[in-house]
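Peer 1: quick one, what's the 3D model for this:
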Amino acid sequence: MRILHLLNWRLKDVLKVLDKVKEQGFQAIQINPLQPLKEDGFDNWWLSYQPCGFSIGNQYGSKDDLKLLCSEAKKRGIAIYADVICTHVAGSNDGGLTPHERVDEKITSNPYFFREKKLITNWDSRYEVVNYCAGLPSFDMQNWDLQNMIIDFLNELIDCGVEGFRFDSCKSIKTPKEGCDFFPRVFGSLKKATYNYGEVIFASEELIGLYAENLDVLTNTLSRNRNSVVVFAESHDSYYEFSYTKDKSSKEITEEYKNLVHNYPNTIYFARSFDDEWQSQDIKEAHSLANDNNFQKRIIYK
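Peer 2: Residues are numbered from 1 along each chain as shown. Here you go, the predicted model:
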């Protein structure tokens, strides 16, 4: 699976490049989160990861825009994957762990949806990561009423033509072996089989294996479990938040990406803003050679 990540793109603009995406050998597009946001604006990428509810539509596109994009992409053999934020909501502007005033009342009216208002101070502590908050009001993912809201949202996206989901902050969701039924219950309630992958970065091989029993793992770790990870040379986090790839040129990132393509069947390429490197001949040739090595598109439902 070769995924193109188009962060901060309006759906109408994604529609315009579908033929080029196909020509470059990408098999799927990860679109910008479409959940309602606490603020509109394209200057601050992180606003897309502070949602106010589980519904479709923000400045990047409407439900009708999504339906049209999925329909046109399907004609070209391209899957549309939705970036979903289901572990937390937008925080108030005064900081702290109080939901923003724009957060859906159906969420804020249920105190059992939320985790204890404690910040993660040790990211090496598995207990803190799955029980405390990462700077924003975070959810208790074991709550069935919350799960039902998420299930309805995912099924609404499926009705629009979405074929897969990237789960943001997946590392903070307990796995079944840790006593949480989120993955089997949610995935088992979807209307159709989808390709599911979750963000689990800076993770040990053991933790990757734990998540890989439930969905593919989006990670910066070059795991030995090649068939159950989605790897990247650069992500929006590595470029913006952690900045450890920001000083590298687009060409350098492409060279690293080409190496990953030849060693892993599932990769994702982050398209930097105002940068057309994803359209380069190097990317196209890397995908072509990988296809010759029989890395086929996979739809996984676990």
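
Peer 1: use CA for all of it now, contacts and neighbours both
Peer 2: Will do.

Peer 1: tell me which other helices or strands the helix of greatest length in the chain touches.
Peer 2: Identified as the longest helix of the chain according to DSSP state H is helix 144-159. Applying 3 or more CA pairs under 8 Å, 6 or more residues apart in numbering; DSSP states H and E, we find helix 144-159 packed against helix 182-187.

Peer 1: name the helices or strands packed onto the helix or strand just after the helix it packs on?
Peer 2: Using DSSP states H and E, the helix or strand that follows helix 182-187 towards the C-terminus is strand 195-199. Contacts defined by 3+ CA pairs under 8 Å, 6+ apart place strand 195-199 against strand 164-167, strand 216-219.

Peer 1: out of the ones you listed, which one sits most buried?
Peer 2: strand 216-219 (a mean of 26; mean count of other CA atoms under 10 Å).

Peer 1: just how off-centre is that strand within its chain?
Peer 2: When distances are taken as CA atoms, centre = their mean, to the nearest Å, strand 216-219 is centred 10 Å away from the chain's centroid.

Peer 1: so which of the helices and strands packed on strand 195-199 is nearest I78?
Peer 2: strand 164-167 (11.5 Å; CA to CA).

Peer 1: the closest one: partners in the sheet, and parallel or antiparallel?
Peer 2: strand 79-84 (parallel), strand 195-199 (parallel) (DSSP bridges).

Peer 1: for those, could you give me CSV that also reports mean neighbour count?
Peer 2: Shown next, in CSV, are the strands paired with strand 164-167 (neighbours: other CA atoms under 10 Å):
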stretch, mean neighbour count
strand 79-84, 24
strand 195-199, 22
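
Peer 1: and N263, which of the ones you listed is closest to it?
Peer 2: Closest among these, using CA to CA: strand 195-199, at 18.6 Å.

Peer 1: picking up where we left off before, mean pLDDT for the helices and strands packed on strand 195-199 - can I get that in CSV?
Peer 2: Shown next, in CSV, are the helices and strands packed on strand 195-199 (pLDDT from 0 to 100):
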stretch, mean pLDDT
strand 164-167, 98
strand 216-219, 96
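
Peer 1: return the distance of L34 relative to C52.
Peer 2: To C52, L34 is 11 Å away according to CA to CA, to the nearest Å.

Peer 1: C70 is in contact with G161, correct?
Peer 2: Yes: contact criterion CA atoms under 8 Å: G161 and C70 qualify, at 5.2 Å.

Peer 1: got any residues that touch both of these two?
Peer 2: Shared contacts of G161 and C70, defined by CA atoms under 8 Å, 6 or more residues apart in numbering, comprise I80.

Peer 1: leaving out the residues flanking it, which one is nearest to I253?
Peer 2: By the measure of CA to CA, 6 or more residues apart in numbering, the closest residue to I253 outside its immediate chain neighbours is A233, 6.0 Å from it.

Peer 1: helix or strand: which one has E128?
Peer 2: helix 126-131.

Peer 1: what comes up buried for that helix?
Peer 2: E128, V129, V130, N131 (16 or more other CA atoms under 10 Å).

Peer 1: check the offset of that helix from the chain's centre.
Peer 2: 20 Å.

Peer 1: by contact count, what packs against that helix?
Peer 2: Against helix 126-131 (3+ CA pairs under 8 Å, 6+ apart) you get no helix or strand.

Peer 1: 13 is where my numbering starts, stick with that
Peer 2: Okay, using 13 as the starting number, the last item reads as helix 138-143.

Peer 1: still on that earlier bit, wait, which of the helices and strands packed on strand 207-211 is closest to D152?
Peer 2: Taking these one by one with CA to CA, strand 176-179 is closest: 15.3 Å.

Peer 1: just checking, what packs against the helix or strand bottoming out on mean pLDDT in the chain?
Peer 2: The helix or strand of the chain with the poorest confidence is helix 293-304; it has a mean of 88 (mean pLDDT, DSSP states H and E). Contacts defined by 3+ CA pairs under 8 Å, 6+ apart place helix 293-304 against helix 262-273.

Peer 1: now the helix it packs on: mean pLDDT?
Peer 2: Average pLDDT, helix 262-273: 96.

Peer 1: tell me how far that helix lies from the chain's centre.
Peer 2: The answer for helix 262-273 is 21 Å, by CA atoms, centre = their mean.

Peer 1: quick one: buried residues of it?
Peer 2: Applying 16+ other CA under 10 Å to helix 262-273 flags S262, I265, T266, Y269, K270, L272, V273 as buried.

Peer 1: how about residues contacting the next helix or strand after that helix?
Peer 2: From helix 262-273 onward toward the C-terminus, using DSSP H and E, the following helix or strand is strand 279-282. In this structure, residues lying in contact with strand 279-282 by CA under 8 Å, 6+ apart are 13-19, 242-248, 269, 272-273, 290.
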